[in-house]
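Undergrad: Sequence first, predicted model second:
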Amino acid sequence: MKKNNIIKLLVILVIVISCTNPLDEAYIETMEIYRAGINEEFADSSRSILTDEGLAHFTGLDFFPADPDYFIKAKFVLNPDPEAFEMETTTERRPIYVKYGEAHFELNGEKIVLEIYQSDKAKNMEEFREYLFLPFKDLTNGEETYGGGRYIDLKIPQGDEIMIDFNKSYNPYCAYNDRYSCPVPPEANHLNIRILAGVKAYKDH
């Protein structure tokens, strides 16, 4: 190989390496471990929410490729006067929630505001009192993802920023087993964009 060609290849290699973010690579590896743990739980008959038939055919959930761009740092705005309300579910059950605050951020060129909720029941339980609930719908629902929307679990932030990882968005239990009653994402959290992150629609065979 001519010397000039070798130099060109070395230059290209340096450019490729310099464009690869080690933090992104570490994040993707972490997500793979996280997802393997989820699949392990689904496959475990003692912990799985799947039906007997679903468990018999289970080979793993389908996910979008982990994408660090969907790991969002959002501005958090605390709701100064939260009022309890009944959240709609897929059944007649109406659990009590409050709107704990809002997340403000930009994604795919769109300025977005999402409401974040706290369960009245969970806040009185030691192991869940720091947890917040973010249900949402987007334009992938009914196509790549479950038609009823997806959820993200959060924790109460210490300041005016909150991290939202759409790569960890998951399906309601109702997507896997109709014996469950699942919250329906409020209209305020219906997004007019496609969230190509997190778990995809479930297929039981």
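TA: Structure received.

Undergrad: Is the nearest residue to residue 38 once chain neighbours are set aside within a helix or a strand, and which one?
TA: Counting by C-beta to C-beta, 6 or more residues apart in numbering, residue 38 lies nearest to residue 61, which is 6.5 Å off, once chain neighbours are set aside. (Each C-beta comes from the backbone N, C-alpha and C, glycine too.) According to DSSP states H and E, residue 61 maps onto no helix or strand at all.

Undergrad: do the same with residue 192
TA: Short version: residue 192 belongs to no helix or strand, going by DSSP H and E.

Undergrad: confidence score at the residue nearest the centre of the chain?
TA: When C-alpha atoms, centre = their mean is applied to the chain, the residue found nearest the centroid is residue 169 (1.5 Å). Looking at residue 169, its pLDDT is 98.

Undergrad: For the closest residue to it other than its chain neighbours, give me its contacts.
TA: Distances taken as C-beta to C-beta, 6+ apart place residue 198 nearest to residue 169, at 3.2 Å, with adjacent residues excluded. Neighbour list for residue 198: 63-64, 70, 145, 150, 166-170 [criterion: C-beta atoms under 8 Å, 6 or more residues apart in numbering].

Undergrad: again, 6 Å this time
TA: Residues in contact with residue 198 (C-beta atoms under 6 Å, 6 or more residues apart in numbering) are 166-167, 169.

Undergrad: would JSON lines of the residues you listed with secondary structure be doable?
TA: Output for these, formatted as JSON lines (DSSP: H, G, I helix; E, B strand; the rest coil):
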{"residue": "166", "secondary structure": "helix"}
{"residue": "167", "secondary structure": "helix"}
{"residue": "169", "secondary structure": "coil"}
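
Undergrad: nearest to residue 132, of those?
TA: When the contacts of residue 198 are compared for distance to residue 132 (C-beta to C-beta), residue 169 wins out at 14.1 Å.
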